[in-house]
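J.: My questions are about this predicted structure, shown below with the sequence.
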Number of protein chains: 2
Amino acid sequence: MCYDTAVMPQVWTIVMAGGVGSRFWPVSRRARPKQLLDLFGDGPMLRVTVDRVAPIAPLERTLVVTGEVLRDAVREALPGLPPENLLCEPCGRNTAPAVGWAAAVVRRRDPDAILMVLPADQHIADVPAYQATCRRAIAAAAEGAIATLGIPPTRPETGYGYILRGAERAEGVYTVDAFKEKPDAETALAYLADGRYAWNAGMFFMPAALFSDELARFEPELAAALDAMVAAGDDAVADGYPALKKISVDYAVMERSDAVVVVPGSFGWSDVGSWTSLYDHRRPGEGSFHLGDVIERDGTGNVLFAADGGTVAAVGVDDLVVVHTRDATFVCPREAAQRAREVVDVLAARGEEDLL
Amino acid sequence: MCYDTAVMPQVWTIVMAGGVGSRFWPVSRRARPKQLLDLFGDGPMLRVTVDRVAPIAPLERTLVVTGEVLRDAVREALPGLPPENLLCEPCGRNTAPAVGWAAAVVRRRDPDAILMVLPADQHIADVPAYQATCRRAIAAAAEGAIATLGIPPTRPETGYGYILRGAERAEGVYTVDAFKEKPDAETALAYLADGRYAWNAGMFFMPAALFSDELARFEPELAAALDAMVAAGDDAVADGYPALKKISVDYAVMERSDAVVVVPGSFGWSDVGSWTSLYDHRRPGEGSFHLGDVIERDGTGNVLFAADGGTVAAVGVDDLVVVHTRDATFVCPREAAQRAREVVDVLAARGEEDLL
């Protein structure tokens, strides 16, 4: 397979914004999942994600894949997004159909396009370093690779998949020796010490045609169904999408393709997994994370979050998460904030639809 | 002085509802002070106060003294209150002018009336026992006494004034040897051990004429000003009231009059001084106080209060106060809940009028 590199192809951003989740309850709701939240005071994460790579791909070359239920909310978050660049899944089929759909759509508009596939709900502290890493991955993609970003681990994290790099193919670009599932604690420590392992951040760069070709090789039925769906037009999505195979892009392509390379990059990456993780993003010299109108006295180690224009006042408490929204307040120890999920389960069992 | 006891005179309730305060922030606001809050799920404390003595004095014989700023809120809480029974102070002048005003108003309608003066913001667990104590105090008043209720102390409380009782004058009715200011801790312990001391709960029973006479004796200028103001009609209040002497009913009359007696009574009295005090009112067998829609998991010793139809979810926390309102959330250790005042001070300094 050969890709013309005489002219640098155009880069298209594919933003994966279909996620649902309950770890940011009560701010996150079904109609307002994490990627639409403003967790840092700089705007919805989806918009920040798009703005972060705007020097590489403008909105005209940005596609957002999300759920049908989020169509209006995404439009509100990205009013400049061309309507034809918003792909709304009628139901979730995991990431391979989503990326495959976007790739098929882009190929029809720009056969030589390079795709930059980005989750909509990650935080990046050092944007220039991130953009430089993206450009390196794009250059690798332009030479016919499927490049995935690898985050050098800073702790023995058991919540992420890892990528074991092999030989350096070009400056800062490595072959991939293995993708590793989420490790146990002991293994995570070994990965951290080894130095060749990186976190899989779910950011991929590749020619749209290469991705489609690889998908056709490994998942021919899925690829054919996607091509037929896109050829038939938007009306075919409602019927066709639910019938697609539910499979992740990692399983379908990344872990099988010989074209995959890894580009390590340290740029203050965080997947912002729960209220707890916001604590790492407190301002320098501050003992607590504050967002919104917060009054804190005699306390430290807190995550204090006032949404919906409200106020949080915390006096004499330490190491708590306190989240205020117009209709609900959530309080828990900072290190247990993932238990917001339990509250959502209780609300679901009670049928409190307004709060879900 | 002699009062006709051949016919039992009618009892009028005077509810003192002019209080302001910040200890129940964020639920309490300037326009919604404690006496208008529903802290127990049984309605605004003002209404509960009136309903509690309805078998003794109906709404037609109930006067509410409050601040002008609370006029509409009081009407909403007590829609059945005759408009002429609502006395709105243009400004606070402490309790002697308030009681004196009400006494003067009642005397013009019912010269033989007995007044039952009650704070609007107290909680009483055993209503039948309370009503029985009131009736005993009313009987003493009908015989020409100023009867004050005394609460036998259950702890060495330093936050209340005490009444030292003397000889028993009638069954359950005692002379008063002394009113005592708020004691220090050591003195409070001695009072508790002594057995003759009772908390001054600010509830008084007396003929309206006797009160007016005693006020005229001890504070002649104040009494004359009040009489002139009432004789001149409602329009005189706006001008006359601010000029009245600022003095408490305790200083002006109770501590000076020879007619004062004390009627001890145990009926589960609480002045509900702060969020902390609600903890004493949790349901039997429950580890936390809940009001409103509350979800608590793996926690105990909490005061969890969801106002404005909202939800409080607390997971894995103990001994906290968590209060949710539509526009603000307050969190602090249970035993430090009086620090809500500090938050109000901060908000006042910031000029956040909406939250005050």
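T.: Right, received. Where do you want to start?
J.: going forward, measure contacts and count neighbours with C-alpha atoms only.
T.: Noted.
J.: Tell me which helix or strand the residue of the stretch 151-300 of chain A found nearest chain B sits in.
T.: Nearest residue of the stretch 151-300 of chain A to chain B, counting by CA to the nearest CA: A:Ile295, 7.3 Å away. Per DSSP states H and E: A:Ile295 is located in strand A:293-297.
J.: Tell me how far that strand lies from the chain's centre.
T.: 31 Å (CA atoms, centre = their mean, to the nearest Å).
J.: What average pLDDT does the helix or strand just after that strand get?
T.: As assigned by DSSP H and E, the chain's next helix or strand after strand A:293-297 is strand A:303-306. Mean per-residue pLDDT for strand A:303-306: 98.
J.: now swap in stretch A:126-142 and tell me
T.: pLDDT averaged over stretch A:126-142 gives 97.
J.: which residues touch that stretch?
T.: A:3, A:5, A:8-9, A:11, A:52-53, A:114, A:116, A:124, A:146-149, A:172-173, A:205-207, A:263-268 (CA atoms under 8 Å, 6 or more residues apart in numbering or on different chains).
J.: Please indicate which of those residues are buried?
T.: Listed as buried from the contacts of stretch A:126-142 are A:9, A:11, A:52-53, A:114, A:116, A:124, A:146-149, A:173, A:205-207, A:263-267; burial here means 16 or more other CA atoms under 10 Å in any protein chain shown.
J.: follow-up on the earlier one: buried residues of the strand holding A:Ile295, list them for me.
T.: So for strand A:293-297, counting by 16+ other CA under 10 Å, buried means A:293-296.
J.: contacting residues around the residue of the stretch 151-300 of chain A closest to chain B?
T.: With CA under 8 Å, 6+ apart, A:Ile295 has these contacts: A:311-314, B:343.
J.: Cross these against strands and list the overlap.
T.: If you go by DSSP state E, these have A:311-314 in strands.
J.: Near chain B, list only the ones from those residues.
T.: Restricting the ones in strands among the contacts of A:Ile295 to those adjacent to chain B (criterion: CA under 8 Å from any CA of the partner chain) gives A:311-314.
J.: Would you format these as a markdown table with distance to B:Arg339, pLDDT and neighbour count included?
T.: Shown next, in a markdown table, are these (distance: CA to CA, whole Å; pLDDT from 0 to 100; neighbours: other CA atoms under 10 Å in any protein chain shown):
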| residue | distance to B:Arg339 | pLDDT | neighbour count |
| --- | --- | --- | --- |
| A:Thr311 | 16 | 98 | 27 |
| A:Val312 | 14 | 98 | 28 |
| A:Ala313 | 10 | 98 | 26 |
| A:Ala314 | 10 | 98 | 28 |
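J.: Can I get those residues in TSV including distance to A:Ala31?
T.: Listed next are those as TSV, based on distance: CA to CA, whole Å:
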residue	distance to A:Ala31
A:Thr311	23
A:Val312	24
A:Ala313	27
A:Ala314	29
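J.: The helix or strand of chain A with the lowest mean pLDDT - contacts with which helices or strands?
T.: Comparing helices and strands within chain A by mean pLDDT, DSSP states H and E singles out helix A:235-240 as the least confident, with a mean of 89. Applying 3 or more CA pairs under 8 Å, 6 or more residues apart in numbering or on different chains; DSSP states H and E, we find helix A:235-240 packed against helix A:220-232.
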